[in-house]
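predicted model follows, preceded by the sequence.
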Amino acid sequence: MTQSLSTVFNVSAIRADFPALAQQAHGRPLVYLDNAATTQKPRQVIEALRRYYERDNANVHRGVHMMSERATEAYESAREKIRAFVNAASVHEIVFTRNATESINLVARAWGDANVRAGDEVLITAMEHHSNIVPWQLLCARTGATLKVAPIDDRGDLIMDDLARLITPKTKIVAAAHLSNALGTINPVADIVALARRAGAAVLIDGSQAAYHMPVDVAALGADFYVFTGHKLYGPTGIGILYGRETVLEAMPPFLGGGDMIRTVTFQGSTWNDLPYKFEAGTPNIAGAVGLGAAVDYVRGIGFDAIQPHETALVARATAALEAVPGVRIVGTARRKASVVSFVMDGVHPHDIGTIVDREGVAIRTGHHCAQPVMDRFGIPATARASFAMYNTLEEVDALVAALGRVRALLG
C-alpha cells in the first residue's frame, strides 16, 4: 500500500497551513503541544468545510436535486479516501460515527451483545483509554462475562507473555490500543491479532493516536475492527471511523434505529440497509466526513515516510531534554514509542506545571488523560503530557524546557 506522495518535509511550509499556530498566547508565540487531545486544522480542511456549507449543504442519499447529489458525492468520496488510507477491501467496511468512542460502543453493543455470554471473557490491556475500558465493562455487566486485563511493565510496555497466557478458549474479544495516549507506547498489534486469532477470538484495535502518526494497513493487520477519530487526524470534531471486516459487519445487528439504516419499514417490522448504512442511522455529520476526507488528502500529500522521521526527532529531543531537567521524571519509556512524552516534577502538581507553562505560551495537557488505571499503575495522580504533531519544531521543545525552568523558579 502506498501511503505517501512526497518525501519532502518542510515544517515551515506545513506550519503556514495551520492558521491557529500563528497566534500568541499571553503575549508569547503559541507553542501547541497538546496534539494527543486534538490537532489543529490546516486551511485545506477549513476550506473544505466552508465550501460544503456554502455550496453543497443538503442531506445525502435522499434527494434527486443538484445539491443533494453533490453532497452525496462529497460524502461518499470521503469514505473512499478513508478506505484507501487504511487499505480496507471495500467502502462497505468503513462506517462513519461521531468519534472512536462511539465506534467502540457500537462494537460492544452490536457485536458484543450478539456474541458474548455469561462465562465468556473480554481481554483489554492496562494502558487503555477509558473509551476502550468502559464499553467492555458495560458489556460484561449486561452479559455476565468477565473482563481481564493484560499488565504493563515499569517502562509502559505490554507484557506479551502475560497477554498470551490470558487469551484462553473463553476469550471472545481482545481490545487494545495501537498507541497509548498516556505513555506513547506503540503496541505490537500484529502479534496481538495473531495470538487472538489462534484462540478464535475477535480483535478490536483503538487507533485514535496511531492514525495520524503512522501508516495503518487493516488488510495486513487482520483485526476484525479498527477505530479512530477525525479530530486527531487534523480533521473536524464529531466524526469518527469504524473499520470492520465486511463479513463480521454483515452478521452484526444494527446499533441504532431510524432513517437511512433501513431498507423497508412497516408497523409489523423492518429490514436493514446494506453496509455500511446499516450502522449510520439518521442524518450523518456530512461536513465532518468531507472535512476528514480533506485531512486524509493533506496527510497523504505529505507522506508518513516524511512525517515519521520528523516526529521521531521531536520525541527524542524532548526525551533527552526533559531527562536533563532536575527533578523531572518521564513516565513511559517503552522500547517503541511515539508522539507522547508524559512526565512529573518533584514537589510540583502537574496542574501547576500546566498553568505556569501556559503563561509562557506553551500548551500542554495535565491530568490522568482519561487513563486513570495507567496513573494507578505508576502510583501517581496525574502527569504533564507534551504531545507532538508534524507541525511542531525542535525550537518548541526548547521552549517547553525553558518554561519548566520558570516552573522551578516560581515553585522551588
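Perfect, I can see it now. Residues are numbered from 1 along each chain as shown.

where does residue 191 land on pLDDT?
Looking at residue 191, its pLDDT reads 98.

same check on residue 5?
pLDDT, residue 5: 37.

what segments of the stretch 251-400 of the chain are strands?
Residue ranges of the strands in the stretch 251-400 of the chain, as given by DSSP state E, counting those that start in this stretch, are 262-266, 269-272, 328-331, 340-345, 362-363, 365-367, 383-387.

in JSON lines, list the ones you listed along with distance to residue 313.
In this view, the C-beta of every residue, glycine as well, is placed from N, C-alpha and C. Listed next are these as JSON lines, based on distance: least, Cβ to Cβ, whole Å:
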{"stretch": "strand 262-266", "distance to residue 313": "51"}
{"stretch": "strand 269-272", "distance to residue 313": "49"}
{"stretch": "strand 328-331", "distance to residue 313": "17"}
{"stretch": "strand 340-345", "distance to residue 313": "13"}
{"stretch": "strand 362-363", "distance to residue 313": "19"}
{"stretch": "strand 365-367", "distance to residue 313": "21"}
{"stretch": "strand 383-387", "distance to residue 313": "14"}
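
is residue 123 in a helix, a strand, or coil?
At residue 123 the chain is in strand, as set by DSSP: H, G, I helix; E, B strand; the rest coil.

dump the residue contacts of it.
Going by Cβ atoms under 8 Å, 6 or more residues apart in numbering, residue 123 touches 148, 149, 150, 163, 166, 167, 171, 173, 174, 175, 201.

gap between the nearest residue to residue 261 once chain neighbours are set aside and residue 206?
With sequence-adjacent residues excluded and distances taken as Cβ to Cβ, 6 or more residues apart in numbering, residue 261 is closest to residue 281, at 4.3 Å. Counting by Cβ to Cβ, to the nearest Å, the gap from residue 281 to residue 206 is 23 Å.

out of these two, which sits in the busier spot?
A count of neighbours by other Cβ atoms under 10 Å puts residue 206 above the other of residue 281 and residue 206, at 31 against 17.

now render the contacts of residue 123 as TSV, adding distance to residue 105, secondary structure and neighbour count.
TSV is the format used below for those (distance: Cβ to Cβ, whole Å; DSSP: H, G, I helix; E, B strand; the rest coil; neighbours: other Cβ atoms under 10 Å):
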residue	distance to residue 105	secondary structure	neighbour count
148	20	strand	19
149	19	strand	17
150	21	strand	23
163	23	helix	24
166	23	helix	19
167	23	coil	21
171	20	strand	21
173	14	strand	25
174	17	strand	28
175	12	strand	27
201	19	coil	22
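
need the max-distance pair from those residues.
Distance extremes for the contacts of residue 123: the farthest pair is 149 and 201 at 15.1 Å, using Cβ to Cβ.

low-confidence ranges, the stretch 1-150 of the chain, go.
For the stretch 1-150 of the chain, the stretches with pLDDT under 70 are 1-8.

change it to 90
The model of the stretch 1-150 of the chain has pLDDT under 90 over residues 1-9, 62-64.

check the stretch 251-400 of the chain too.
Along the stretch 251-400 of the chain, segments meeting pLDDT under 90 span 259.

what are the boundaries of the helices in it?
Here the stretch 251-400 of the chain has its helices, by DSSP state H, counting those that start in this stretch, at 286-302, 304-323, 350-359, 372-378, 394-411.

show me which positions of the longest one end up buried.
What that stands for is helix 304-323. Across helix 304-323, burial judged by 16 or more other Cβ atoms under 10 Å covers 304, 306-308, 310-311, 314-315, 317-319, 321-322.

nearest to residue 120, of the residues you listed?
Proximity of the buried residues of helix 304-323 to residue 120 (Cβ to Cβ) peaks at residue 304, which lies at 37.3 Å.

any residues touching the host helix or strand of residue 140, and which ones?
Using DSSP states H and E, residue 140 sits in helix 134-143. Residues from elsewhere that reach helix 134-143 (Cβ under 8 Å, 6+ apart): 101, 104-105, 107-109, 112-113, 116-118, 120, 122, 124, 145-147, 175.

quick one: which of those sit in strands?
Those of the contacts of helix 134-143 mapping onto strands are 122, 124, 146, 147, 175, per DSSP state E.

out of these, which are buried?
By 16+ other Cβ under 10 Å, the ones in strands among the contacts of helix 134-143 give 122, 124, 175 as buried.

who does the second one bridge with?
In this structure, residue 124 has the following beta-bridge partners (DSSP bridges): residue 149.

in this structure it contacts residue 146, no?
No - using Cβ atoms under 8 Å, residue 124 is not in contact with residue 146, being 11.6 Å away.

share the number of residues neighbouring the closest residue to residue 329 other than its chain neighbours, please.
Using Cβ to Cβ, 6+ apart and skipping residues adjacent in sequence, the residue nearest residue 329 is residue 344, 5.4 Å away. Neighbours of residue 344 under the rule other Cβ under 10 Å: 20.

how far away is residue 344 from residue 350?
7 Å.

repeat that for residue 403.
Per Cβ to Cβ, residue 403 is found 14 Å from residue 350.

same question for residue 239.
Using Cβ to Cβ, we find residue 239 at a distance of 30 Å from residue 350.

of the two, who's got more company?
Remark: of residue 239 and residue 350, residue 239 carries more neighbours, 27 against 22, as counted by other Cβ under 10 Å.

ok, now which ones touch the more buried one?
Residue 239 neighbours (Cβ under 8 Å, 6+ apart): 96, 97, 98, 99, 229, 230, 231, 285, 288, 289, 291, 292.

what sits against the residue nearest to residue 65 when sequence neighbours are not counted?
Leaving aside its sequence neighbours, residue 65 sits nearest to residue 58 (Cβ to Cβ, 6+ apart; 7.2 Å). Taking Cβ under 8 Å, 6+ apart as the contact definition, residue 58 lies against 65, 67, 68, 70, 71.

now for the last one, how many residues are close by?
This means residue 71. When neighbours are defined as other Cβ under 10 Å, residue 71 has 24 of them.

likewise the one 3 residues further on?
Under the neighbour criterion other Cβ under 10 Å, residue 74 is assigned a count of 21.

kindly report the same for residue 247.
Residue 247 has 9 nearby residues by other Cβ under 10 Å.

what does residue 40 give?
Residue 40 is flanked by 18 other residues according to other Cβ under 10 Å.

mind pulling up the pLDDT for the spatially most central residue of the chain?
Centroid check for the chain by Cα atoms, centre = their mean gives residue 208 as the closest residue, at 0.9 Å. As predicted, residue 208 sits at a pLDDT of 98.

alright, that wraps it up for me.
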